[in-house]
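Enquirer: I'd like to go over a predicted model; first the sequence, then the structure.
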Amino acid sequence: MTNDNRLAPHRDQDLSHRGDRSGPVPYITRWSAERHPPLRMVEKRGGIGYAGEKPYDRDTQGVLWSRTPSLPGKGRPQFGQVHALRQHRAMTELRCQVCGGPADRDADGVLWLLGEDPHDRVSWPPEILTVHPPLCRPCAAVSVRVCPHLRAGCVALRVRAVRPVGVRGALYRPGASEPVPIGAVGVAYDDPRIHWVRAGQLIVQLTHVDVVDPASLG
């Protein structure tokens, strides 16, 4: 995969900005106190980096990530904005995007919930790309009840294979004095542009997927 279209997430939606805002704030939502520190971007390693970069600023693939403090509960929830490291943790550790606990898993796989017309099977590819983590069963059941978008149509999935394939974040280009941001993109790990991206969300590929009835979630 080497282009943005192939890394465009499927039509699932982030529950952090669609449900009942009077309820619990989703684990992956960013709070107002979690501001990006002032970091100077520099060119390095044939791409971008931070001046005074730390080893923890890159993942195991060598990709640069947004350095954001983790202060959940401090300030106001920024619905629609995702905390990069909590999203990454929820994806890699298969944690619920709403409560942060373990995602639901049974013999058929891990539970994912996507906003979608369950009858629109033409839109379902054999492989799904998403930036949205799985859910535990109680949070999925509540989300189906309180979220108007999910009530209008959603699909619950059991996923047996999850593979990180890239990141979504800010793409930079070389500038006269420092790298210049040019937009948000989804980039595969094998795309040369990956060295010019400051990642904000991990993209995973879901395979060996079975559709289940959302009503069975409780």
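Expert: Thanks, I have the structure now.
Enquirer: Run through who's touching stretch 97-109.
Expert: Counting by C-beta atoms under 8 Å, 6 or more residues apart in numbering, stretch 97-109 makes contact with 14-16, 24, 26-28, 86-87, 90, 94-96, 110-111, 132-140, 142-143, 157-160, 208-210, 212, all of which sit outside it. C-beta coordinates here come from the backbone N, C-alpha and C atoms, glycine included.
Enquirer: Now a PyMOL select for only the buried ones of those residues.
Expert: This is the PyMOL syntax for the buried subset of the contacts of stretch 97-109, where burial follows 16 or more other C-beta atoms under 10 Å:
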select buried, resi 14+15+16+26+27+28+86+87+90+94+95+96+110+111+132+133+134+135+136+137+139+140+142+143+157+158+159+209+212
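Enquirer: Let's see which of the contacts of stretch 97-109 end up in strands.
Expert: With DSSP state E as the criterion, strands contain V110, L111, L157, R158, V159, R160, H208, V209, D210, V212 from among the contacts of stretch 97-109.
Enquirer: For the fifth one, give the beta-bridge partners.
Expert: For V159, the beta-bridge partners are V110, V209 (DSSP bridges).
Enquirer: centroid residue for the chain?
Expert: For the chain, the residue nearest the mean C-alpha position is V131 (3.1 Å; C-alpha atoms, centre = their mean).
Enquirer: Is that one in contact with A199, as I believe?
Expert: No - between V131 and A199 no contact is recorded; they are 10.7 Å apart, counting by C-beta atoms under 8 Å.
Enquirer: Quick check: neighbours shared by the two?
Expert: R168.
Enquirer: how about the helices in this structure?
Expert: Across the chain, reading from the start of the chain, the helices by DSSP state H fall at 84-92, 137-146, 148-152.
Enquirer: would you list the ones you listed in JSON lines and tack on distance to R40 and mean pLDDT?
Expert: As requested, the helices of the chain are exported to JSON lines (distance: least, C-beta to C-beta, whole Å; pLDDT from 0 to 100):
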{"stretch": "helix 84-92", "distance to R40": "19", "mean pLDDT": "97"}
{"stretch": "helix 137-146", "distance to R40": "39", "mean pLDDT": "87"}
{"stretch": "helix 148-152", "distance to R40": "40", "mean pLDDT": "69"}
